[in-house]
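**Student:** This is a predicted model, with the sequence first.
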Amino acid sequence: MAYRLFLFDLDGTLVDTSPGILEALRRMEQELGVEPLPQKTLEKFIGPPLEWSIETYYGADAETAARWAKVYRRIYGEGGCIRHSRLYPYIRESLELIRQQGGKTAVTSLKIDEMVTLTLDVYGLVPCFDTLVGRSDACPTKADTIREAMRRLHWTDAESAVLFGDSRYDGEGAMQAGVAFVPLTYGFGFAEEGSMDGLECVTVAREPADVFRFIRAQFPPQES
């Protein structure tokens, strides 16, 4: 089966956003005067919805988590942390290849819509995608963001769509939405043994070059 719609998670998939995320969380802790979390715990914030992570790891209630999340996003965006990131190798080449070959691309992220656009703007990547879908009231889950991207692109053939992502949220969302999944072990969510158990995966990308090679294999060989 050749894939023609290529869906991408954001954090840990397209961009290593960890330096800015961790810095913003530390600055949030300082501003709010809360007890700092251990570094290893803080790293678990990369990928899942922010409010869920605040509730889970700080023990905050939903109302407090929403308030803290606003502080974090202000620091992350306006405070400059958003620029403390790194675009993974081969991302531009992968997106260019898909466009040259007539495929479609989308970002489906659990970041809120605004943060998706702001993050990609740092690297001028917004025009490289056919649509960007972040988490919203209408799309609270990963599967919802995948379905919304397909709806916007009028894409009805789920079997020809594949999601690249670095966490169980991505893998489970892909399964729920009926699209293929490629886990990326160079990201943040598959560091622990057994973290991919039960996920349906067409292949595993252990480095960004693997993503490019997988995408290239979906199209006829290019003439030199």
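**Tutor:** Noted; the coordinates are in hand.
**Student:** who's in contact with Gly178?
**Tutor:** Gly178 makes contacts with Ala158, Glu159, as judged by Cβ atoms under 8 Å, 6 or more residues apart in numbering. In this view, the C-beta of every residue, glycine as well, is placed from N, C-alpha and C.
**Student:** how would you label Tyr3: helix, strand or coil?
**Tutor:** Three-state assignment for Tyr3 (DSSP: H, G, I helix; E, B strand; the rest coil): coil.
**Student:** Setting the sequence-adjacent residues aside, check what's closest to Ala65.
**Tutor:** Once flanking residues are discounted, Ala65 sits nearest to Ile54: 4.0 Å by Cβ to Cβ, 6 or more residues apart in numbering.
**Student:** ok but the one you found is inside a helix, no?
**Tutor:** Yes. Assessed with three-state DSSP, Ile54 lies in a helix.
**Student:** where does it land on pLDDT?
**Tutor:** Per-residue pLDDT puts Ile54 at 97.
**Student:** does it really touch Arg67, like I thought?
**Tutor:** No. In terms of Cβ atoms under 8 Å, Ile54 does not count as a neighbour of Arg67; the distance is 9.4 Å.
**Student:** which one of those two has more residues nearby?
**Tutor:** The neighbour comparison of Ile54 against Arg67 (other Cβ atoms under 10 Å) goes to Ile54, with 24 against 14.
**Student:** distance of the more buried one from Gly47?
**Tutor:** Distance, Ile54 to Gly47, by Cβ to Cβ, to the nearest Å: 14 Å.
**Student:** and what of Leu125?
**Tutor:** 19 Å.
**Student:** So these two - more neighbours on which side?
**Tutor:** Ranked by neighbour count (other Cβ under 10 Å), Leu125 and Gly47 place Gly47 first, with 26 against 19.
**Student:** residues contacting the nearest residue to the more buried one once chain neighbours are set aside?
**Tutor:** Closest residue to Gly47 apart from its sequence neighbours, by Cβ to Cβ, 6+ apart: Ser167 at 4.4 Å. Each residue near Ser167 by Cβ under 8 Å, 6+ apart is listed here: Asp9, Gly12, Gly47, Pro48, Gly187, Phe188, Gly189, Phe190.
**Student:** neighbour-wise, which of the residues you listed leads?
**Tutor:** Within the contacts of Ser167, neighbour counts (other Cβ under 10 Å) peak at Asp9, which reaches 28 neighbours.
**Student:** Burial check on Phe164, number of neighbours?
**Tutor:** Neighbourhood size, Phe164 [other Cβ under 10 Å]: 25.
**Student:** swap that for Thr145, sorry
**Tutor:** Residues lying near Thr145 (other Cβ under 10 Å) number 30.
**Student:** if I pick it, what's in contact with it?
**Tutor:** By Cβ under 8 Å, 6+ apart, the contact set of Thr145 is Thr108, Ser109, Leu110, Val133, Gly134, Arg135, Cys139, Gly173.
**Student:** One more pass at 10 Å, please.
**Tutor:** 7, 9, 106-111, 113, 116, 132-136, 138-139, 163, 173, 177 (Cβ atoms under 10 Å, 6 or more residues apart in numbering).
**Student:** which of the residues you listed count as buried?
**Tutor:** Applying a neighbour-count criterion of 16 or more other Cβ atoms under 10 Å, the buried members of these are 7, 9, 106-111, 113, 116, 132-135, 139, 163, 173, 177.
**Student:** Tell me the residues that contact both of Ile54 and Arg67, please.
**Tutor:** The contact lists of Ile54 and Arg67 share Ala60, where a contact means Cβ under 10 Å, 6+ apart.
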